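Undergrad: Quick one, fold the following:
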Amino acid sequence: MPKTRNVGVFVGSLRKESFTRKVANAVASVAPSNLNFEFIDIAPVSHYNQDLESTPPADWTAFRQKVSAVDAVLFATPEYNRSVPGVLKNAIDVASRPYGKSAWNGKPGAVISVSPGAISAFGANHHLRQMLVFLNIPAMQQPEAYIGGADKLFDANGALTNESTREFLGKFAEAFAEWIEVILAPKG
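TA: From the prediction side, this is the model:
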């Protein structure tokens with residue numbers, strides 16, 4: 001039996017009825033039982049300003065501690081102007097500082113992008129992957145996860161109704177569980 005791994009989930013949309021959050025919830029619901037998903041709220045993270053590092057705001061400290069405490073990270077993002085939402089970028093920046101003390105360092109990660117449109121937030125997905133390289137988050141390469149037509153995948157209660165999407169998300173979650181073990185396996 002694989003070890004239980006705690007996965008921090010970062011949803012880039014703050015909207016109450018966010019399709020991105022619904023997809024992230026669906027991933028958690030179909031994931032292998034050894035993955036424990038913790039949704040870490042990015043809304044209360046105040047804007048990053050290096051001038052505040054000598055006495056960081058309490059919300060930064062709390063957020064950094066939550067990121068540090070998880071074994072792996074899952075980013076679920078919509079696309080705003082062909083990139084990630086500013087609130088997600090800010091949260092990433094806060095946890096990456098101060099320089100040399102990034103809470104993200106070495107944590108296995110995965111990205112899933114969500115959109116009602118056909119392009120499936122492709123631009124946001126790839127901008128986020130570029131950030132993960134710099135942050136030393138080894139990101140799962142396959143399967144890639146671009147969820148389009150998200151406005152047609154859920155019922156009025158937010159439950160996923162599309163069986164092929166559920167099957168894909170299950171395979172994505174299983175691959176992520178395997179990826180986490182590859183990255184966190186003892187070396188040597």
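Undergrad: For the residue minimising distance to the centre of the chain, which residues count as its bridge partners?
TA: When the chain is reduced to its mean C-alpha position, the closest residue under CA atoms, centre = their mean turns out to be Phe75, at 1.4 Å. Beta-bridge pairing of Phe75 under DSSP bridges involves Phe10, Val111.
Undergrad: what about the strands in this protein?
TA: Counting by DSSP state E, residue ranges of the strands within the chain are 5-11, 35-39, 72-77, 109-114, 146-147.
Undergrad: Turn those into CSV, columns for mean pLDDT and distance to Ser54.
TA: Placement of C-beta: from N, CA and C, glycine included. Below are the strands of the chain laid out as CSV (pLDDT from 0 to 100; distance: least, CB to CB, whole Å):
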stretch, mean pLDDT, distance to Ser54
strand 5-11, 98, 26
strand 35-39, 98, 29
strand 72-77, 98, 27
strand 109-114, 98, 30
strand 146-147, 96, 41
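Undergrad: Format those strands as TSV; extra columns: distance to Phe172.
TA: What follows is the strands of the chain, written out as TSV (distance: least, CB to CB, whole Å):
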stretch	distance to Phe172
strand 5-11	13
strand 35-39	12
strand 72-77	10
strand 109-114	7
strand 146-147	10
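Undergrad: now for these, which one comes closest to Phe134?
TA: Comparing those by their distance to Phe134 (CB to CB), the top pick is strand 109-114, with 12.4 Å.
Undergrad: Would you list the phi and psi of Asn162?
TA: Torsion angles at Asn162 (phi, psi; degrees, to the nearest 10) stand at phi -90, psi 110.
Undergrad: number of nearby residues for it?
TA: For Asn162, the neighbour count with other CB atoms under 10 Å is 16.
Undergrad: And for Tyr99?
TA: When counting by other CB under 10 Å, one arrives at 8 neighbours for Tyr99.
Undergrad: Tell me how far it lies from Met131.
TA: Tyr99 sits 15 Å away from Met131, going by CB to CB, to the nearest Å.
Undergrad: got it, and Ile40?
TA: Computed with CB to CB, the distance linking Ile40 and Met131 is 17 Å.
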